[in-house]
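# Here is my input, please return the structure:
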Amino acid sequence: MKFNKLGDTEIMVSEICLGTMTWGSQNSQAEAHEQLDYAIGEGVNFIDTAEMYPTTPRLPETTGRTEEYLGHWLKQRADRDELIVATKVTGEGNKDIRNGARVTGSTIREALESSLKRLQTDVVDLYQLHWPNRGSYHFRKYWNFDASKLQPGDMEQEVADILGEVQNLQVEGKLRAFGLSNESAWGTMKFLDVAKKHDLPRIVSMQNEYSLICRIYDTDMAELSLLENVGLMAFSPLAAGGLSGKYIDGMVPEGSRRSMQDGLNGRYVKQSEQAIALYNDIAKRNGLLLAQMALAFCLTRPFMMSVIVGATTLDQLKTDIAAADVKLSEAVLAEIQSVYRDNPMPM
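Numbering: from 1, shown residues only. Prediction:
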C-alpha cells in the first residue's frame, strides 16, 4: 500500500481510503467491523465517514448510525493513533441535521463534538465541510448550473469564522486537519486566501467526485490541487457501482444500489451506460476487472491523494483494495483516453 502526505501536514494516508456510507442501512455493524478489520489488515489506515451517514437511503432515524458503528470498533482498538479518521460536518439544506442551518464556527464545534461522542474518540484527524453553504454544481447540478444564483454572502467573514473555530479546536486537541468537499476552484481559493491573510489553518484536502465517467476535476481543480498542495480524495470512483461491471447488459442484482435507486443519483443514464460498456470492453480485452481498472486509473492521476472505496460485501472490498496493486499499461491508458475523448461527460 502506498501512502501520501495529507496536504502540508505530517499525516500520511493510504492511497486507498475505506468509505462507510452504507453502514447502518445496507450493512450491519458486524459487517462494518468485518470490513474495517480486513481493510486495516491490508494496509489501509484511512477511514472516511460523515455525520449524515448512512445515505443508502438517507433517513432521519438512521442519521449518525455510521459514525456509531465506527465508534464501537475504534473503542476496541489499541492502534487508534495509527489510524486516520475523517468525518464531515453537514452543509446547509439537510433538514434532518440542525434543521438545515448554514455552517458557522459555532456549528463546527457543535457538530464535531457530537461526532467525537459517536466515534468514541478524542480527536478527528481530518474534519471536512461536506458541501459549501452557498451551493455548488456537484451531483449533476452542472447541467443547469447558474453561478449568478449562488449566495456566497460575506464569504471572507464566513470562512474566517469557520477557520477560526477550527483553529480553536486544534488547540484543544479535538481535530488535527481541515478539508473541503464538493467545492469549486473559486471556493477553495477563498479558503486558502483567508487562511493566509488571517494566519488561520490551511485546508489540506478536497473530497470531490472523480471516476472514469466523472472527470470534471481534470482541469481547474487539478491545477489547484497540484499548485496549492490540496490533494483529491475521490469519492464514487466506481460511480456508485456503475463501474463495477455488475450492471452490464441490464443486470440489476437484488440488494444492489440500483435495485433501490435505479439511476444511481444521475450516474446511470443512457449515455453513461454506453461509456461504461466501452470501458468494460477495454478491461476484458486486457484481462482486467472493470472495477479494478477504474480504480487503478484514478490512482494514476497526479493530483490524487486517496481513492475512497465503499462496498456492501467483503468480496467487493477485497476486489477494490487489490486495485492498488494493478498497474495499467500505456496501451490501456491510451485506450481509456480514446473513450474519454469521445465520451467526455456521459452523465
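
# Tyr53 against Thr20, yeah?
Yes: if you go by C-beta atoms under 8 Å, Tyr53 and Thr20 touch, sitting 6.2 Å apart. Just so you know, the C-beta spots here come from the backbone N, C-alpha and C atoms, and that holds for glycine as well.

# How are the helices of the stretch 201-347 of the chain distributed by residue range?
According to DSSP state H, counting those that start in this stretch, the stretch 201-347 of the chain carries its helices in the segments 220-228, 257-260, 270-285, 290-300, 314-322, 330-342.

# closest to Asn4 out of those helices?
Closest approach to Asn4 among the helices of the stretch 201-347 of the chain (C-beta to C-beta): helix 290-300, 10.3 Å.

# Looking at Tyr53 and Thr20, which is more packed in?
A direct count of neighbours by other C-beta atoms under 10 Å for Tyr53 and Thr20 places Tyr53 higher, at 28 against 25.

# what's the distance between stretch 157-174 and the middle of its chain?
How far stretch 157-174 lies from its chain's middle: 22 Å, per C-alpha atoms, centre = their mean, to the nearest Å.

# Likewise for stretch 26-35?
19 Å.

# Would you mind listing the residues in contact with Glu183?
By C-beta atoms under 8 Å, 6 or more residues apart in numbering, Glu183 lies in contact with Leu129, Trp131, Pro132, Ser136, Met206, Asn208.

# run the last query once more with 6 Å
Neighbour list for Glu183: Pro132 [criterion: C-beta atoms under 6 Å, 6 or more residues apart in numbering].

# Would you mind measuring from it to Met221?
From Glu183 across to Met221, the span is 8 Å (C-beta to C-beta, to the nearest Å).

# repeat for Ala334
Look at Ala334 and Met221: by C-beta to C-beta, they are 24 Å apart.

# who's more crowded, these two?
Taking other C-beta under 10 Å, Ala334 and Met221 do not tie; Met221 has more neighbours (20 against 11).

# so what's the spatially most central residue of the chain bridging to?
For the chain, the residue sitting closest to the mean C-alpha position, by C-alpha atoms, centre = their mean, is Phe235 at 3.4 Å. According to DSSP bridges, the partner residues bridging Phe235 are Glu209.

# remind me which residues of the stretch 1-150 of the chain are low pLDDT?
Applying pLDDT under 70 to the stretch 1-150 of the chain flags no residue at all.

# Would you map the helices across it?
29-41, 65-75, 105-119.

# same for the shortest one, what does it pack against?
Meaning helix 65-75. If you count contacts as 3 or more C-beta pairs under 6 Å, 6 or more residues apart in numbering; DSSP states H and E, helix 65-75 packs onto helix 29-41, helix 105-119.

# Recalculate using a threshold of 10 Å.
On a contact count with 3 or more C-beta pairs under 10 Å, 6 or more residues apart in numbering; DSSP states H and E, helix 65-75 meets helix 29-41, strand 46-48, strand 84-89, helix 105-119.

# That one to helix 29-41, inter-axis angle?
60 degrees (axes from the mean of the first three to the mean of the last three C-alpha atoms, to 10 degrees).

# ok now helix 65-75, how far from the chain's centre?
18 Å.

# do the same with stretch 5-25
8 Å.

# Buried residues in it, which are they?
6-7, 11, 13-25 (16 or more other C-beta atoms under 10 Å).

# what do you get for stretch 240-249?
For stretch 240-249, burial by neighbour count (16+ other C-beta under 10 Å) applies to Ala240, Gly241, Gly242, Leu243, Ser244, Gly245, Lys246, Tyr247.

# and what of stretch 48-65?
Neighbour-count burial for stretch 48-65, counted by 16+ other C-beta under 10 Å, picks out 48-56, 62-65.

# Output it as CSV, nothing but the C-alphas.
The C-alpha trace of stretch 48-65 is given here as CSV (Å, rounded to 0.1, in the frame of the first residue of the first chain):
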residue,chain,number,x,y,z
ASP,A,48,-13.9,8.4,5.9
THR,A,49,-17.3,8.9,7.3
ALA,A,50,-19.8,11.8,7.9
GLU,A,51,-22.3,12.8,10.5
MET,A,52,-25.2,12.4,8.0
TYR,A,53,-24.4,8.8,7.0
PRO,A,54,-25.7,6.3,6.1
THR,A,55,-27.2,7.5,2.8
THR,A,56,-28.4,4.3,1.1
PRO,A,57,-31.1,5.6,1.7
ARG,A,58,-30.7,8.7,3.9
LEU,A,59,-33.3,8.6,6.6
PRO,A,60,-33.8,10.9,9.7
GLU,A,61,-33.9,7.9,12.0
THR,A,62,-30.5,6.4,10.8
THR,A,63,-28.6,9.7,10.7
GLY,A,64,-25.3,9.3,12.7
ARG,A,65,-25.5,5.5,12.8
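
# Read off the pLDDT value for the closest residue to Phe303 other than its chain neighbours.
Leaving aside its chain neighbours, Phe303 sits nearest to Ser225 (3.7 Å; criterion: C-beta to C-beta, 6 or more residues apart in numbering). Looking at Ser225, its pLDDT is 98.

# Return the distance of Gln207 relative to Asp193.
Gln207 is 20 Å from Asp193, by C-beta to C-beta.

# These two - which one has more neighbours?
Gln207 (27 against 13).

# wait, the more buried one sits on Met221?
No: using C-beta atoms under 10 Å, Gln207 makes no contact with Met221, being 11.6 Å away.
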